[in-house]
Structure formats: C-alpha cells, structure tokens
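**Q** The following comprises the amino acid sequence and a computationally predicted model.
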Amino acid sequence: MQERMQKMKDQIEEQKRTIRQEVIADIIAQLQNAGIIDPKILAALSFPSPTESTFTLAATKNSLRCS
C-alpha cells in the first residue's frame, strides 16, 4: 500500500514539473511574440538546471526558431 502511495506521489510530482515547464515555455513564447524579450539573450540564459528536464530548453529553442 505504501509503495502504491509513493508511486502516485511520484506521478503527481512529475505531472507538476511537466505542467510548470509547459507554462514557462508558453510564457517565453508569448514574450518573444510580443517582442519583449530578445531571443539572443534568452538563448544565452537557456541552461537547464540539474533538476530540470530538457523539455523547457527544447521548447525554448523551438520558440526561438519560430520567431
């Protein structure tokens, strides 16, 4: 029972991280589309932290290519 609860907690935490990363990528894309953020500066600052997956970095790079 405890293993099942831990697995559920882990899944919820992973879902939270995924949602957080998607929100960040969306905000960055909106700022770029509005011309508020310079893509060159953003690219220079796009270093994932050890706990961050490469999703946010990949989404940011894809946003840079689209703008």
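**A** Okay, I see it.

**Q** Sort out which residues of whatever helix or strand Gln6 lives in are buried, please.
**A** Take DSSP states H and E as the rule and Gln6 turns out to sit in helix 2-33. Within helix 2-33, the residues scored as buried using 16 or more other Cβ atoms under 10 Å are Gln21, Ala25, Ile28, Ala29, Gln32. No exception for glycine: its C-beta is placed from N, CA and C like everyone else's.

**Q** Does anything pack onto it? Which helices or strands?
**A** Counting contacts by 3 or more Cβ pairs under 8 Å, 6 or more residues apart in numbering; DSSP states H and E, helix 2-33 packs against helix 39-45, helix 54-66.

**Q** mind exporting stretch 5-25 as CSV, just the C-alpha atoms?
**A** What follows is stretch 5-25, C-alpha atoms only, in CSV (Å, rounded to 0.1, in the frame of the first residue of the first chain):
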residue,chain,number,x,y,z
MET,A,5,1.0,5.7,-2.5
GLN,A,6,4.7,6.6,-3.2
LYS,A,7,4.2,5.8,-6.8
MET,A,8,1.1,8.0,-7.0
LYS,A,9,3.0,10.9,-5.3
ASP,A,10,5.9,10.5,-7.8
GLN,A,11,3.5,10.6,-10.7
ILE,A,12,1.8,13.7,-9.4
GLU,A,13,5.2,15.4,-8.9
GLU,A,14,6.2,14.5,-12.5
GLN,A,15,2.9,16.0,-13.7
LYS,A,16,3.5,19.2,-11.8
ARG,A,17,7.0,19.5,-13.3
THR,A,18,5.7,18.9,-16.8
ILE,A,19,2.9,21.5,-16.4
ARG,A,20,5.3,24.0,-14.9
GLN,A,21,7.7,23.5,-17.9
GLU,A,22,4.9,23.9,-20.4
VAL,A,23,3.7,27.1,-18.7
ILE,A,24,7.3,28.5,-18.8
ALA,A,25,7.7,27.7,-22.4
